[in-house]
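Chemist: pasting a predicted model and its sequence here:
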There are 2 protein chains.
Amino acid sequence: MIAEKKKAILESTLKLIKENGFHGTPMSQVAKKAGVAAGTIYHYFDSKDTLIMELFSYTQYMIQAAMQESLREDMDFRENFFLRWISRCQFYIQNPDVLFFIEQFVNSPYFPRCSKEQNEFSQNEIIQFIRLGHQNGILRDLDPKLMSIMIHSSIMTAAKVHLDGKFSLAEKEFKQLAQMIWDSIRKL
Amino acid sequence: MIAEKKKAILESTLKLIKENGFHGTPMSQVAKKAGVAAGTIYHYFDSKDTLIMELFSYTQYMIQAAMQESLREDMDFRENFFLRWISRCQFYIQNPDVLFFIEQFVNSPYFPRCSKEQNEFSQNEIIQFIRLGHQNGILRDLDPKLMSIMIHSSIMTAAKVHLDGKFSLAEKEFKQLAQMIWDSIRKL
DNA sequence: GCCACCCGAATGAACGTTCAATAGATACCT
DNA sequence: AGGTATCTATTGAACGTTCATTCGGGTGGC
């Protein structure tokens, strides 16, 4: 659906921003890496700013798509939580570019310019899940949105630790971490 | 101890980076806000890069100094944890510039250039505290460094949520959050 | 022949950094 | 005390580079 070159531009920007940061990735380099001319970028994007804004939407879409694959309904709530937590963590580990781009983006002046729908897009799935847990009386009494933010933050942090290479978490440690988060959100 | 103008330059950079990001804060603006000439910055810092690197050390130092004030030894481990968690959270809320600068910094290409001592400086206090909890058999069996990273991430996330203004957490919510994190690190 | 797509050299603004010049402070000699 | 040399602190205009963006033109499909 999405034009070949447009995708190449988005992917190149993603990689370059991870390596060189927002500043430090000139459009000329994006063009070179994407295999297009500098002018071509402006055929698809109005400016560097809109390129970056669209890149955020693009990553949100990627995440949502990846998460829907890993869903299964034939397990109890706790198992479901573990599966979701670990799946997300694995996604970020397999897509470090996305992880680092998002972290930079949400802490930059770009983020506040996003519409609500956009910045909550990939969180909605978690929020719905939390609501379900509330209805069944399994989870603590805390605003689902706040809870989802805390959970998401734990996922990204765990993925970053692993990618840093200082710990190189194995399956055991991921389960341990998921268990910790589980104990922090469930009623004791 | 630290020269008047040098401090003014650091503080100005901190504020500007929070508002405009790394890019988007030219040296000319830093100079203007600090009330010095452009050239003066280069008397104290070799380049923009070293200014930013030193700014990170500066924030780490601020945090450490602020935390030492809030310490008291006459309480049990659990109360101590709550005090520390909430104190740090409050520090970030009272110093949003520091919070947003650090978040941007640690996810940028600058961070990997830091020495270990620098990026662990402000964490050491937490790590020591966790070790104590391990010795007393209160905390779960998990690498203290990993634990401290997860805790710190929860603190920053909570502070950011509050500063976003979407939730405006009251004391009750902070205690709730601290309780959640407590339940995630202690042996059940 | 039109339109969407694509090119890449050219443009002009913005930026980090330099530097010659100035002022102030400190030290040293007479 | 006066004079002079030395060093640090400071200035802001000027420099050279880099970068986002533009534009005139080219190509191929319909």
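Modeler: Everything's here; your move. A quick note: this is a predicted structure, and the numbers were derived from the prediction, not measured.

Chemist: what's the following helix or strand after the helix or strand encompassing A:Phe100?
Modeler: Assigned by DSSP states H and E, A:Phe100 belongs to helix A:96-106. Note on helix A:96-106: by DSSP H and E, the next helix or strand toward the C-terminus is helix A:116-120.

Chemist: how about the CA coordinates for that following helix, as PDB?
Modeler: Taking C-alpha atoms only, helix A:116-120 is exported to PDB below (Å, rounded to 0.1, in the frame of the first residue of the first chain):
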ATOM      1  CA  LYS A 116      -4.200  12.300  21.400                       C
ATOM      2  CA  GLU A 117      -5.300   9.500  19.100                       C
ATOM      3  CA  GLN A 118      -1.800   9.200  17.800                       C
ATOM      4  CA  ASN A 119       0.100   8.900  21.100                       C
ATOM      5  CA  GLU A 120      -2.400   6.600  22.600                       C
END
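
Chemist: what are the contacting residues of it?
Modeler: Residues from elsewhere that reach helix A:116-120 (Cβ atoms under 8 Å, 6 or more residues apart in numbering or on different chains): A:56-57, A:60, A:106, A:111, A:127. The way it works is simple: take the backbone N, C-alpha and C, and place the C-beta from them, glycine included.

Chemist: cutoff 7 Å now
Modeler: With Cβ atoms under 7 Å, 6 or more residues apart in numbering or on different chains as the test, helix A:116-120 has contacts from A:57, A:60, A:111.

Chemist: and the closest residue in space to A:Lys166 that isn't next to it in sequence, what's its pLDDT?
Modeler: Excluding the flanking residues, the one nearest A:Lys166 by Cβ to Cβ, 6 or more residues apart in numbering or on different chains is B:Lys145, at 7.7 Å. Per-residue confidence (pLDDT) for B:Lys145: 95.

Chemist: tell me which helix or strand the closest residue to A:Thr40 other than its chain neighbours sits in.
Modeler: Spatial nearest neighbour of A:Thr40, chain neighbours left out: A:Lys5 (6.5 Å); criterion: Cβ to Cβ, 6+ apart. Assigned by DSSP H and E, A:Lys5 belongs to helix A:4-20.

Chemist: buried stuff in that helix?
Modeler: A:6, A:8-10, A:12-18 (16 or more other Cβ atoms under 10 Å in any protein chain shown).

Chemist: of those, closest to DNA strand C?
Modeler: Taking Cβ to the nearest atom of the strand as the measure, DNA strand C sits nearest to A:Lys6 out of the buried residues of helix A:4-20, at 7.3 Å.

Chemist: from DNA strand D, how far off is the closest one?
Modeler: 15 Å (Cβ to the nearest atom of the strand, to the nearest Å).

Chemist: if I look at A:Gln68, how far off is A:Gly133?
Modeler: 19 Å (Cβ to Cβ, to the nearest Å).
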